[in-house]
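Undergrad: Just the structure for this:
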Amino acid sequence: MLCGGSVQEAQDTAVISQMVTLRSRVPFLHFFDGFRTSHEVSKISLISDEDLRALIDEDSIAANRDRALTPDHPVIRGTAQNPDAFFQAREAGNPYYVELPRLLKEAMADFAAQTGRAYKPFDYEGDPEADRVIVIMGSGGEAVAETVGWLNANGQKTGVVKVRLYRPFSVEDFAAVLPKSVKSIAVLDRTKEPGALGEPLYLDVSAALRLADSAGWLKDTHAIRLIGGRYGLGSKEFTPAMIKAVFDELLKPSPKPVFTVSGGVNTVEDIIKAIMCGASVVQVVSSLLKYGPSHIGPLITGLSRWLEEHDYKSVEEMRGSMSHLHCPDPSVFERANYLRVLQLWKV
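TA: Sure thing, here's the model as predicted:
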């Protein structure tokens, strides 16, 4: 199982998956965040037909076709087996999966040489001596990496491990990218398994730390604080403020072992911003669940006070005042946004 974390990666890891499945004879499931990634408008570097021909080995394709079932060369595969043979046959496939991480890294190296875009089974971004690390898979890793860059520029030591090869989970490669200085790890899953001790990636990382310690790839992993959380279900927003809150939680002597990362309207300022952007309705469910139904009173009072202080006669007068639709020259916003995209573009 190979994960793509962005529109560019969705294309690239699809090609890498095809390369490795032909070399390893192991079926691959290449995946990315549905809707969140598939509906994103983003510039990418397309892989040319010439690059594909260079990356996909013709002999591997021919060998794969030769193994196909055909009446011209009859063979028996996958028949029902009794207990005396099934277990042994199932275990006989282990060497293929043991070799897969090595074959994947070779394919990723070939891909990097051909395209200039490098990937690893686990990619680490951040301070090489980070004390706090988030482990995440999929598009959320892009937001965490941006936040890590800002936090480190402001004196913190944080990092993120982006999981690309999910199955088989290569403990050795995971241990190789994890900073030896790490003291606290938060694993973020974009799923929920009711009744489980934790979400899948959290349980994998928990086991990987112990196995890495036993193999000598890491030391004293029992001293690392490990917590797990959920985020982004149903493509719910996942913002830098939420990511910073996770890193802040890791600073505590006893962080929450299980948590959810979610946004919502919690303050009067949140309500004002939403209305000024043009919202006709502002949901405050998160705030009421957190503070209780009585919190609605202070929110209304605070909004009324703000309107009076800023000489607004009503909410309707204030609504949409920050929207580009009410700007004398809306194209100014469009040009500013275009310039921002150009400035963020990484060559």
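Undergrad: got any ranges where the stretch 201-347 of the chain has weak pLDDT?
TA: Low-confidence segments of the stretch 201-347 of the chain (pLDDT under 70): 324-328, 330-347.
Undergrad: Just the buried positions in stretch 278-295, please.
TA: Residues Val282, Val284, Ser287, Leu288 are the ones in stretch 278-295 that count as buried (16 or more other C-beta atoms under 10 Å). Glycine gets a C-beta too; all of them are placed from N, C-alpha and C.
Undergrad: which ones are touching the first one?
TA: In this case it means Val282. Val265, Asp270, Ile271, Ala274, Ile275 (C-beta atoms under 8 Å, 6 or more residues apart in numbering).
Undergrad: Give me the contact list for the top helix by length along the chain.
TA: Taking DSSP state H as the criterion, the chain has its longest helix at helix 94-115. For helix 94-115, contacts defined as C-beta under 8 Å, 6+ apart pick out 2, 12, 15-16, 19-20, 23-26, 45, 47, 51, 54-55, 117-121, 165, 168, 170, 172-173.
Undergrad: Buried ones among those?
TA: 2, 12, 15-16, 19-20, 23-26, 47, 55, 119-121, 165, 168, 170, 173.
Undergrad: if we can go back for a sec, can you pick out the ones from the contacts of helix 94-115 that are in strands?
TA: The strands, defined by DSSP state E, take in Leu2 from the contacts of helix 94-115.
Undergrad: hang on, the earlier thing: among the buried residues of stretch 278-295, list the two that are farthest apart in space.
TA: Using C-beta to C-beta, those reach their maximum pairwise distance at Val282 and Leu288, which is 12.2 Å.
Undergrad: Checking the residue of the chain most remote from its centre next. Helix, strand or coil?
TA: Most distant from the centre of the chain: Asp72, at 46.6 Å, with distances by C-alpha atoms, centre = their mean. Under DSSP: H, G, I helix; E, B strand; the rest coil, Asp72 falls in the coil class.
Undergrad: what sits against it?
TA: Counting by C-beta under 8 Å, 6+ apart, Asp72 has no contacts.
Undergrad: State the pLDDT value of it.
TA: Predicted confidence (pLDDT) for Asp72: 88.
Undergrad: distance of it from Ser60?
TA: Separation of Asp72 from Ser60 (C-beta to C-beta, to the nearest Å) stands at 21 Å.
Undergrad: Quick check: the residue nearest the centre of the chain vs Pro200, distance?
TA: Relative to the mean C-alpha position of the chain, the nearest C-alpha, by C-alpha atoms, centre = their mean, is the one of Gly138, at 2.9 Å. Applying C-beta to C-beta, the value for Gly138 to Pro200 is 12 Å.
Undergrad: same thing with Val261?
TA: 17 Å.
Undergrad: Okay, buried residues for stretch 141-153 please.
TA: Those buried within stretch 141-153 under the rule 16+ other C-beta under 10 Å are Gly141, Glu142, Ala143, Val144, Ala145, Thr147, Val148, Leu151, Asn152.
Undergrad: go on, stretch 225-240?
TA: Buried, per 16+ other C-beta under 10 Å, within stretch 225-240: Arg225, Leu226, Ile227, Gly228, Gly229, Arg230, Tyr231, Gly232, Phe238.
Undergrad: now stretch 266-280
TA: Residues Asn266, Val268, Asp270, Ile271, Ile272, Ala274, Ile275 are the ones in stretch 266-280 that count as buried (16+ other C-beta under 10 Å).
Undergrad: Just the endpoints, please. Distance across it?
TA: 17 Å (C-alpha to C-alpha, to the nearest Å).
Undergrad: do stretch 263-271 as well
TA: End-to-end for stretch 263-271, by C-alpha to C-alpha: 13 Å.
Undergrad: Residues contacting that stretch from elsewhere in the structure, which ones?
TA: Residues contacting stretch 263-271 (C-beta under 8 Å, 6+ apart): 236-237, 239, 241-242, 274, 282-287, 290, 298-299, 302-303, 306.
Undergrad: How far away from the center of its chain is stretch 207-222?
TA: 24 Å (C-alpha atoms, centre = their mean, to the nearest Å).
Undergrad: same thing with stretch 275-282?
TA: For stretch 275-282 - counting by C-alpha atoms, centre = their mean - the centre lies 30 Å from the chain centre.
Undergrad: and if you look at stretch 253-265?
TA: Distance, centroid of stretch 253-265 to centroid of chain: 17 Å (C-alpha atoms, centre = their mean).
Undergrad: Work out for me the element Val160 sits within.
TA: Take DSSP states H and E as the rule and Val160 turns out to sit in strand 158-163.
Undergrad: helices or strands up against that strand?
TA: Strand 158-163 sits against strand 122-126, strand 132-137, helix 140-153, with contacts defined as 3 or more C-beta pairs under 8 Å, 6 or more residues apart in numbering; DSSP states H and E.
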